[in-house]
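S.K.: this is the structure alone, sequence omitted:
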DNA sequence: TAATAACAGTTGCATATGCAACGTAAAAGG
DNA sequence: CCTTTTACGTTGCATATGCAACTGTTATTA
């Protein structure tokens, strides 16, 4: 467990629990498991009864749609967690598959141990609940604003909405975006070259200025 | 308070609290306020410190983007709640405005009273936390699957993804959808006539059959 | 240093989409 | 019963987009 402390400190789920972390993990009955590259951690259709914490290695979340098309929803690195929404919602059948992208170690926390009031009524337990709540709430807000972007019908509107949000966030009309062109195109779910085209037009129109990842709204 | 009981029983946030509801609301220091049609319940930029429960009337959630375009995100009816994500996340400035669409009564529950452990350590308090967690988790999953739909690039793919999800949900290739054409177009964020066109094509291709709201995948 | 690969912009082209306008059928309202 | 409204499909047209191919620039690596 000691060799995990560095990682565990970075996990938001454990914020403000600090030095009592090991006690709490004991109290919650956490389990650590190892997976080899390519191994399936959780299969579509299985119940999700615990929250996973990536201790080392990388993990992919994969969705297979009705017609069998697979798509990678996200990739998780050490310190990231998964399954928190499904576990909290009491989902009986996972809609996603979780796969070890590389050899990895995962820690599992049973959700019912997190939710049920601790018999020892330790203060860390309620802190954990509060953290989980905040994580879900934040993700909610994130998903909502992404929804907002994706509901724009043209690339132009998607881009302007995105840049507008960034400007608000930084509190300035001039800012850096955290994406390369490829990544931005992926994020907005549009074709890369089409994105380039629209950006060029916006620049020519005098609506925005940019160079690489630095943008300015006019 | 008595005249609200009917509504309050339908509120998921109060699931499994049953007959002790009034005690709990007292314990949490709930407040009821009245608003006239058109009055602003919460202004963009204000802090969100409580969860709102619509007791009567209708409420609109409105977003104004960076360029001043207003859009109605949702409309809430009696029994619905709002602000739970912003309050739980500890958002300092609300990104949305909440407006009374008609005369209405709203009950507010301060989030810190919900989150902090109850000094009386009443069991209903932890039930409330659990309910809130579940609500956020469910909304999370809902938003994720909507994201999935919106990230499809063509109307055809959006429609097929949507119908695929519905089929999975009903466990059958034949099912009713809960939307009219207009509503479906709104939901998928596409033009109504373009949606009609795509549906016709899919029918002609022999990919699907439908009549009104009844669909069948082939 | 040269070779190679990743990244970003550009362009041609087929197709998809939004938009507006129109027609029809069913529902609502007088 | 007639009128009005609403829902839905259809179509023409301008435009937006995806896709593929090509270019130049910048990193990376041998």
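M.R.: The structure has been received and is ready for your questions. Because the structure is a prediction, the values reported are computed rather than measured. Numbering: from 1, shown residues only, chains lettered A, B, ... in the order given.
S.K.: would you map the helices across chain A?
M.R.: Listed in chain order, the helices found in chain A under DSSP state H are A:5-10, A:21-28, A:84-89, A:111-115, A:123-150, A:155-170, A:181-188, A:192-205.
S.K.: return the residues of chain A in contact with DNA strand D.
M.R.: A:153, A:154, A:155, A:156, A:189, A:190, A:191, A:193, A:194, A:195, A:197, A:198 (CB under 7 Å from any atom of the strand). All C-beta spots, glycine's among them, are computed from the backbone N, C-alpha and C.
S.K.: among the residues you listed, which pair sits farthest apart?
M.R.: Taking CB to CB, the two most distant members of those are A:153 and A:193; they sit 19.0 Å apart.
S.K.: residue ranges with poor pLDDT in chain A?
M.R.: Applying pLDDT under 70 to chain A flags the ranges A:1-2, A:118-121.
S.K.: mind giving me the domain ranges of it?
M.R.: A:2-144, A:152-217 (automatic domain parsing).
S.K.: hmm, the shortest one in reach of DNA strand C?
M.R.: Yes: for domain A:152-217, a contact with DNA strand C is found by CB under 7 Å from any atom of the strand, at A:153, A:154, A:180, A:181, A:182, A:193, A:196, A:197, A:199, A:200, A:210, A:212.
S.K.: buried subset of these, written for ChimeraX?
M.R.: Restricted to buried positions by 16 or more other CB atoms under 10 Å in any protein chain shown, the ChimeraX selection for the residues of domain A:152-217 next to DNA strand C reads:
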select /A:199
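S.K.: identify, from the residues of domain A:152-217 next to DNA strand C, the entry nearest to residue B:173.
M.R.: residue A:153 (30.2 Å).
S.K.: is it true that the closest one touches residue B:189?
M.R.: Yes: at 6.5 Å, residue A:153 counts as touching residue B:189 under the criterion of CB atoms under 8 Å.
S.K.: overlap in contacts of these two?
M.R.: Among the neighbours of residue A:153, none is also in contact with residue B:189 (CB atoms under 8 Å, 6 or more residues apart in numbering or on different chains).
S.K.: which of the helices of chain A sits most buried?
M.R.: Sort these by mean neighbour count, taking mean count of other CB atoms under 10 Å in any protein chain shown, and helix A:84-89 sits at the top with a mean of 24.
S.K.: so how far is that helix from its chain's centroid?
M.R.: 14 Å (CA atoms, centre = their mean, to the nearest Å).
S.K.: and that helix with chain B, contact?
M.R.: Yes: Helix A:84-89 reaches chain B (CB under 8 Å from any CB of the partner chain) through A:84, A:85, A:86, A:87, A:88, A:89.
S.K.: I'd like those residues as TSV, with distance to DNA strand C appended.
M.R.: Output for these, formatted as TSV (distance: CB to the nearest atom of the strand, whole Å):
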residue	distance to DNA strand C
A:84	30
A:85	29
A:86	30
A:87	34
A:88	34
A:89	31
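S.K.: which residues sit against stretch A:56-71?
M.R.: With CB under 8 Å, 6+ apart, stretch A:56-71 has contacts from A:7, A:35, A:41, A:44, A:52, A:72-78, A:80, A:82, A:95-106, B:148, B:160-161, B:164-165, B:167-168.
S.K.: and what of stretch A:16-32?
M.R.: Residues outside stretch A:16-32 that contact it (CB under 8 Å, 6+ apart): A:1, A:4-5, A:8-9, A:14, A:55, A:105-110, A:113-114, A:118, A:120, A:122, A:124-125, A:127-128, A:131.
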